[in-house]
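1. Generate a structure from the sequence data that follows.
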Amino acid sequence: MSPGIHDHQPMRIRNMNALSRRRLRRPPIRGRVRLVALLGSLALLGSLTGTALAVAPGNDLPGGATAITAIPATIDQDTTEATVTPADDIGCGAGGLDQATVWYTLTLTDTTVVLVDASTSDYFVGVNAFAGAAAPENLFACAESGVSFEAVGGTTYFLMFADIDGNATHGGQLHISIDVAPPPIELSLAVDPVGKINPMTGEAAITGTISCSQPAQFSDIQVDLRQAIGRFTVRGFGFTSAACEPSPTAWWVSVTGENGKFSAGRATAQVFGFACDSFSCDEESLGASVRLRR
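-> This is a model prediction of the structure:
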C-alpha cells in the first residue's frame with residue numbers, strides 16, 4: 001500500500017466529521033422554514049380566537065390536591081380552566097352536572113366539627129367530601145354552597161368543588177372558607193291542649209308554637225290527627241309553614257278528616273316539626289292529647 005493513502009485518509013475523515021458536526025448544529029433550511037411556519041400558525045390561531053391555550057390548574061385531579069392542615073383557612077382560586085374527567089367525576093353531580101372540578105385535602109390534628117362554606121363564590125358550587133380517599137364509595141357529604149361534618153383528627157378528607165350551575169360557562173372565582181362550625185340549629189315544638197272544630201264541615205284546627213335556636217331558612221309543621229267516635233276512628237292530615245326563630249312563633253294547621261268528620265271531644269295529635277338553616281337541620285316529633293271545641 002502506498003504512503004499517499006495513509007497521508008490523505010485521516011484528513012478525509014476529519015473533514016467528514018467536521019461536516020457532520022456542522023449539519024447537526026444547523027438543521028436544513030427546509031426544516032427551519034416548516035418550524036417557523038408552524039409557530040406562526042399557532043400564534044395566528046391565538047390572535048384570531050383571542051384566547052391562550054388552556055392549562056388546567058395543578059389541583060385539577062385528586063392526585064394534585066392542595067393540602068390544608070389548619071383552620072381557619074380560605075381558598076381563592078380561578079377555576080375557569082379546570083376540567084372534569086372520568087377519573088374525578090365522582091361527586092353527587094357525576095354524569096354531567098359537575099364541571100370545572102378542583103380538589104383540596106383537609107387533615108387536622110384534633111377532631112373538629114368544621115364548616116366548609118362556598119356561598120361567596122360567583123357561581124353555584126357543589127361541595128363534596130370524601131373520607132380517606134377520593135373514591136365514590138368514600139363520599140359521605142355533598143350539598144350546594146357548603147357542608148358541615150366532624151373531621152376526625154389525623155384523617156385526611158378530600159374536598160371536591162364543582163361548578164353545578166348548568167350553564168355554558170364553566171368555573172369562575174371560587175371563594176371558600178373553612179372554619180369551626182357554629183352550633184347546629186335546634187328546634188322546639190309545642191302543641192296547645194285545646195283545638196277548634198267547625199261543626200258544619202268537621203274541620204279541626206290544631207295550634208301551637210315553634211322556635212329555633214337561630215333563624216331558620218325554612219321550617220314546616222305536620223299534624224296527623226285521630227279521633228275515636230264509638231268503634232270508628234276518624235283520621236286526617238294537615239301541614240303548614242312557619243317562621244322559626246329564637247322567639248316562639250304561633251302556628252295553625254287545618255285538618256280535614258279523610259274518612260269522616262271530626263267532632264267536639266278528645267282527639268290525639270301527632271305533630272312533626274322540621275327546620276333548617278344554611279348548613280344544619282333539626283326535627284322534633286311529639287304526641288299530644290287535644291280537646292276539640294266549637
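
2. Touching, residue 66 and residue 76? I think so.
-> No. Using Cβ atoms under 8 Å, residue 66 is not in contact with residue 76, being 11.7 Å away. The way it works is simple: take the backbone N, C-alpha and C, and place the C-beta from them, glycine included.

3. Could you work out the end-to-end span of stretch 131-149 for me?
-> 11 Å (Cα to Cα, to the nearest Å).

4. helix, strand or coil for residue 63?
-> On the three-state scheme (DSSP: H, G, I helix; E, B strand; the rest coil), residue 63 is labelled helix.

5. Next: residue 160.
-> Quick answer, by three-state DSSP: residue 160 is strand.

6. So for it, what's the nearest residue that isn't a sequence neighbour?
-> residue 128 (4.3 Å; Cβ to Cβ, 6 or more residues apart in numbering).

7. swap in residue 132?
-> Excluding its sequence neighbours, the residue lying closest to residue 132 (Cβ to Cβ, 6+ apart) is residue 138, at 5.6 Å.

8. number of nearby residues for the one you found?
-> 14 (other Cβ atoms under 10 Å).

9. hmm, back to that, neighbour count for residue 66 and residue 76, which is higher?
-> residue 66 (14 against 10).

10. Can you spell out which residues form a bridge with that one?
-> Beta-bridge partners for residue 66, by DSSP bridges, are residue 104.

11. Please report the distance of it from residue 103.
-> Using Cβ to Cβ, to the nearest Å, residue 66 is found at 7 Å from residue 103.

12. same check, this time on residue 214
-> Taking Cβ to Cβ as the measure, residue 214 falls 32 Å from residue 103.

13. for residue 167, same thing?
-> The gap separating residue 167 from residue 103 is 22 Å, by Cβ to Cβ.

14. show me what contacts residue 61?
-> By Cβ atoms under 8 Å, 6 or more residues apart in numbering, the contact list for residue 61 reads 85, 87-88, 103.

15. And for residue 227?
-> 204, 233-235, 262-263, 265-268, 292.

16. Is the residue nearest to residue 223 when sequence neighbours are not counted in a helix, a strand, or coil?
-> Counting by Cβ to Cβ, 6+ apart, residue 223 lies nearest to residue 253, which is 4.5 Å off, once chain neighbours are set aside. Of the three states, residue 253 takes strand according to three-state DSSP.

17. partners of residue 253 in the sheet?
-> With DSSP bridges as the rule, residue 253 is bridged to residue 206.

18. tell me how far stretch 75-88 is from the chain's mean position?
-> Between the centre of stretch 75-88 and the centre of its chain there are 14 Å (Cα atoms, centre = their mean, to the nearest Å).

19. again, but for stretch 215-231
-> 33 Å.

20. what about the residue nearest to residue 223, how many neighbours?
-> 23.

21. Go ahead and confirm it touches residue 206.
-> Yes. Between residue 253 and residue 206 there is a contact under Cβ under 8 Å: 5.0 Å.

22. Common neighbours of these two, please.
-> 223, 238.

23. so what's residue 138 up against?
-> If you count contacts by Cβ under 8 Å, 6+ apart, residue 138 has them with 130-132, 158.

24. Drop anything exposed from these.
-> Neighbour counting by 16 or more other Cβ atoms under 10 Å classes 130-131, 158 among these as buried.

25. Now render these as CSV, adding pLDDT and distance to residue 275.
-> Shown next, in CSV, are the buried ones among the contacts of residue 138 (pLDDT from 0 to 100; distance: Cβ to Cβ, whole Å):
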residue, pLDDT, distance to residue 275
130, 98, 28
131, 98, 28
158, 98, 31
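
26. Nearest to residue 58 among the residues you listed?
-> Using Cβ to Cβ, residue 158 comes nearest to residue 58 of those, at 15.2 Å.

27. Residue 167 and residue 103: which has the busier surroundings?
-> Neighbours were counted for residue 167 and for residue 103 using other Cβ under 10 Å; residue 103 has more, 23 against 9.
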